[in-house]
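Peer 1: show me how the following folds:
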Amino acid sequence: RGAKDGLAPRLRSKSKNGLRRADNLSDLGIARGHDRIMRCAQDCIRQGALSLAQSGLGLCQGTGRGRKRLIGAVQCGAGADAASPLPHYARGLALSVLAYAENIDDPSVLAPVINLIANKHASLGIRAEHYPIVGKHLLASIKEVLGDAASDELIDAWGVAYGVLADVLIEAEGKLYTAAANQEGGWSGWRPFRIIDKVAESSEITSFYFAPTDGGPLPAFRPGQYTTLRVFVPEWGVTQPRQYTLSDAPGLPHFRISVKREDATDATPAGRVSNLLHASYNKGDIIDLAVPFGDFYLHEDRPTPVVLISGGVGVTPMISMLKHLISTAKDRQVQFIHTCRNAEVLAFGARLHKAAADNPQLEVRIFHDAGPVAEFGVIDRLDLGKLALPAAAPAELDFGFSTDAGEKLAHQGSLGLAPLKAAGQLELIGLH
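Peer 2: A predicted model of the protein is given here:
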């Protein structure tokens, strides 16, 4: 079996990810039973997905050095600031298994997700040597949750499935790493940056401006992409990465991120990294950053109208897109729609107001859940079905959609988006 615990699959040829796998299922001698086995796994995993997440928690909380380092790296999400990374990692592990089970007949439908995951992994520095660690504990989770239903044949089949998916991701991530390192101003791994300015944008959002300590150039990025930073969290005793959208336009001598301080609520503790950044990092301090990545960005290959929709701190990628559009594509009509709880938490409000006054092609609409409002904005619930969108054919509008998970905008059903989606108008939607 190649492993004392009996969980490693009985596989033959070696794949890029370091696991042993067969060239195809027939090499395992189980091709005829593959559909039956996978459909059994579908049913079992669908019923036990939450249990698998809980099982993953237990497996992730081991003290192995390599495992601890990997779990810290895998915590991701553009701007995510969980009190602990472990629940998110375990839940993601469970959902990955479930997604493959649900699409076993046609894995090609997962292609867009593969691109998203590859960008996340590249930004976090996930490498080929990490995949065997994840694979080992993934199969252990499946075996533990499915119990007696986890036959040797079923575990072998999942080992093959994981090996194939891992190879796809490794190849995609390799291309991203190569492109990032070879571009003008690019790099691989981490690069030290100095905080050159720190600006409060609202009562809970603060912007950090970064310049590389080596004085070298910065790479071009696509408006909407993110960078990853890493800081040491004393309470956990580990260095933690977090992904934050680059909130300024590309082509400048600095990077900017705008971080929402995640305060404690009755349901959740305070965000460790966001509070650490707000309280302890100031002008002159050094932070490591990764090269920008991300699959949610502005289309620049056509002069069509653009609708940018955001809620809360989800405004950050839209600000980057808007600034870039104003400086490079003044002929594109832009409608900027934003909603937040109140005027105190509104970030970039004055600058948006000035941009609209200076650029006739731009319309800015700000909605607040409660008052009082400042110089502009209205107290109302955003419903796109009631707004006058740019006059264009459905296929000629570019929509960008980005929201803070804590804002009501996260619920698409309350936005009036359903009719637009049915009409084919939602060509570009990104959820952050």
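Peer 1: given the helix or strand hosting Asp197, what are its sheet partners and their directions?
Peer 2: Asp197 is part of strand 191-200 when elements are defined by DSSP states H and E. With DSSP bridges as the criterion, the sheet partners recorded for strand 191-200 are strand 205-212 (antiparallel), strand 286-289 (antiparallel).
Peer 1: reformat these as a markdown table; add mean neighbour count and mean pLDDT.
Peer 2: C-beta coordinates here come from the backbone N, C-alpha and C atoms, glycine included. Output for the strands paired with strand 191-200, formatted as a markdown table (neighbours: other Cβ atoms under 10 Å; pLDDT from 0 to 100):
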| stretch | mean neighbour count | mean pLDDT |
| --- | --- | --- |
| strand 205-212 | 21 | 98 |
| strand 286-289 | 16 | 98 |
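Peer 1: out of those strands, which is closest to Lys136?
Peer 2: Closest approach to Lys136 among the strands paired with strand 191-200 (Cβ to Cβ): strand 286-289, 28.7 Å.
Peer 1: now the element after the closest one, going C-ward?
Peer 2: Of the helices and strands lying after strand 286-289 in sequence (DSSP H and E), the nearest is strand 306-311.
Peer 1: from the contact counts, what lies against that following strand?
Peer 2: Contacts defined by 3 or more Cβ pairs under 8 Å, 6 or more residues apart in numbering; DSSP states H and E place strand 306-311 against helix 315-328, strand 334-340, strand 398-403.
Peer 1: on that earlier part again, report the buried residues of the strand holding Asp197.
Peer 2: Buried residues in strand 191-200, counting neighbours by 16 or more other Cβ atoms under 10 Å, are found at 191, 193, 195, 198.
Peer 1: hmm, back to that, for Glu171, which of the strands paired with strand 191-200 is the nearest?
Peer 2: strand 286-289 (25.3 Å).
Peer 1: sorry, back to before: out of the strands paired with strand 191-200, which is closest to His137?
Peer 2: Of those, nearest to His137 by Cβ to Cβ is strand 286-289, at 27.2 Å.
Peer 1: could you export the closest one as CSV, CA atoms only?
Peer 2: Extracted C-alpha coordinates of strand 286-289, given in CSV (Å, rounded to 0.1, in the frame of the first residue of the first chain):
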residue,chain,number,x,y,z
ILE,A,286,7.9,46.4,6.7
ILE,A,287,5.5,43.8,5.4
ASP,A,288,6.1,41.0,2.9
LEU,A,289,3.8,40.9,-0.2
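Peer 1: can you list contacts of it?
Peer 2: 190-195, 210, 213, 227-231, 255, 281 (Cβ atoms under 8 Å, 6 or more residues apart in numbering).
Peer 1: rerun that using 10 Å as the cut-off
Peer 2: Here strand 286-289 makes contact (Cβ atoms under 10 Å, 6 or more residues apart in numbering) with 123, 187, 189-195, 208, 210, 212-213, 227-231, 239, 241, 244, 246, 255, 257, 277, 281.
Peer 1: just the CA coordinates of the strand holding Asp197, formatted as PDB?
Peer 2: Extracted C-alpha coordinates of strand 191-200, given in PDB (Å, rounded to 0.1, in the frame of the first residue of the first chain):
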ATOM      1  CA  ARG A 191       9.100  40.600  -1.400                       C
ATOM      2  CA  PRO A 192       9.500  43.100   1.400                       C
ATOM      3  CA  PHE A 193       7.600  46.400   1.200                       C
ATOM      4  CA  ARG A 194       7.600  49.500   3.300                       C
ATOM      5  CA  ILE A 195       4.400  51.200   4.400                       C
ATOM      6  CA  ILE A 196       4.800  54.700   3.000                       C
ATOM      7  CA  ASP A 197       1.400  56.000   4.100                       C
ATOM      8  CA  LYS A 198      -1.600  54.900   6.200                       C
ATOM      9  CA  VAL A 199      -4.900  56.700   5.600                       C
ATOM     10  CA  ALA A 200      -8.300  56.200   7.400                       C
END
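Peer 1: so for it, mean pLDDT?
Peer 2: Across strand 191-200, pLDDT averages out at 98.
Peer 1: re the thing from before, got the strands paired with strand 191-200 as CSV, with distance to Phe221 columns?
Peer 2: Below are the strands paired with strand 191-200 laid out as CSV (distance: least, Cβ to Cβ, whole Å):
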stretch, distance to Phe221
strand 205-212, 13
strand 286-289, 12
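Peer 1: for Val315, find the nearest of the ones you listed.
Peer 2: That would be strand 205-212 among those, by Cβ to Cβ, at 8.5 Å.
Peer 1: let me see the contact set for Ala122.
Peer 2: Contacts of Ala122 by Cβ under 10 Å, 6+ apart are 169, 172-177, 179-180, 188, 228, 290-291, 293-294.
Peer 1: that should have said Leu229, apologies.
Peer 2: The contact partners of Leu229, by Cβ under 10 Å, 6+ apart, come to 190, 193, 208, 210, 240-244, 255, 257, 259, 273, 277, 281, 287-290.
Peer 1: one more pass at 7 Å, please.
Peer 2: Leu229 makes contacts with 241-242, 244, 287-289, as judged by Cβ atoms under 7 Å, 6 or more residues apart in numbering.
Peer 1: likewise for Leu169?
Peer 2: Taking Cβ under 7 Å, 6+ apart, one finds 114, 117-118, 121 in contact with Leu169.
Peer 1: for it, grab phi and psi.
Peer 2: With angles defined as degrees, to the nearest 10, Leu169 sits at phi -70, psi -40.
Peer 1: angles on the backbone of Asn359, please.
Peer 2: Per-residue torsions, Asn359: phi -130, psi 100 (degrees, to the nearest 10).
Peer 1: report how many residues lie close to it.
Peer 2: A count of neighbours around Asn359, defined by other Cβ atoms under 10 Å, yields 15.
Peer 1: and for the one 4 residues further on?
Peer 2: Counted with other Cβ under 10 Å, the neighbours of Glu363 add up to 16.
Peer 1: what kind of secondary structure is it in?
Peer 2: Three-state assignment for Glu363 (DSSP: H, G, I helix; E, B strand; the rest coil): strand.
Peer 1: for Gly224, see how far away it is.
Peer 2: 20 Å (Cβ to Cβ, to the nearest Å).
Peer 1: out of the buried residues of strand 191-200, who's nearest Leu139?
Peer 2: Looking across the buried residues of strand 191-200 and measuring by Cβ to Cβ, the closest to Leu139 is Arg191, at 35.8 Å.
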